[in-house]
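> what shape does this take:
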Amino acid sequence: MDFTGKVALITGGGGGIGRAAAIGFAERGAKVVVVDRDATLGQGTADILHQQGSDARFIPADVSKSADVQNYVKATLEAYGRIDCFFNNAGIEGMTAPVMDYDEEMFDRVIAINVRGVFLGMKHVLPVMLRQGSGAVVNTASIAGLVGGPPACPPISPPNTR
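Next comes the predicted model:
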């Protein structure tokens with residue numbers, strides 16, 4: 001697929017799937033905006049794209065904060081005037097633990113990034129795409145949301161009926 005002249009905005013672009021997507025869009029001609037809360041990783045992705053001759057920039061942001069999301073949308077529009085592809089990818093795993101042992105602050109952080117961050121991205125990018133009359137959004141998620149894991153606690157035995 002050819003993305004020449006298109007602008008791809010990628011959250012969580014500092015590593016993993018986000019970095020791979022950034023490289024893929026750039027290899028197909030897109031101008032790429034990398035968003036990540038980790039400045040070293042985010043700038044690292046932008047640097048890789050620059051080394052490959054692509055037009056790219058990095059914008060640091062915490063996707064769970066509305067002001068940061070508004071800023072990365074505004075900065076993208078100031079730089080390129082449009083958003084054609086929004087790869088809404090930022091996410092964290094949190095910790096693995098039984099529910100009764102799960103840290104509440106970690107739970108709040110996971111929900112803030114994995115749910116609120118996706119919502120805020122769409123809330124602020126979709127109006128841009130509607131105004132320009134085009135655009136595509138891809139929201140990524142972990143396979144962990146589709147498969148079960150071990151029980152959160154040992155099975156409970158039925159009461160003794162004797």
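> in the chain, which spans are strands?
In the chain, strands defined by DSSP state E lie at 7-11, 31-36, 56-60, 85-88, 136-139, listed in chain order.
> export those strands to TSV and tack on mean pLDDT, distance to Phe25 and mean neighbour count?
Backbone N, C-alpha and C define where each C-beta goes, glycine included. Formatted as TSV, the strands of the chain follow (pLDDT from 0 to 100; distance: least, Cβ to Cβ, whole Å; neighbours: other Cβ atoms under 10 Å):
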stretch	mean pLDDT	distance to Phe25	mean neighbour count
strand 7-11	98	4	29
strand 31-36	98	5	29
strand 56-60	98	9	20
strand 85-88	98	7	24
strand 136-139	97	11	14
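> which residue ranges form the helices in this structure?
For the chain, helices defined by DSSP state H occupy the ranges 16-27, 39-51, 66-80, 104-111, 117-132.
> most tightly packed of these?
helix 16-27 (a mean of 20; mean count of other Cβ atoms under 10 Å).
> same question for it, mean pLDDT?
What helix 16-27 shows for mean pLDDT is 97.
> helix or strand with the lowest mean pLDDT in this structure?
Scoring the helices and strands of the chain by mean pLDDT, DSSP states H and E places helix 104-111 at the bottom, with a mean of 95.
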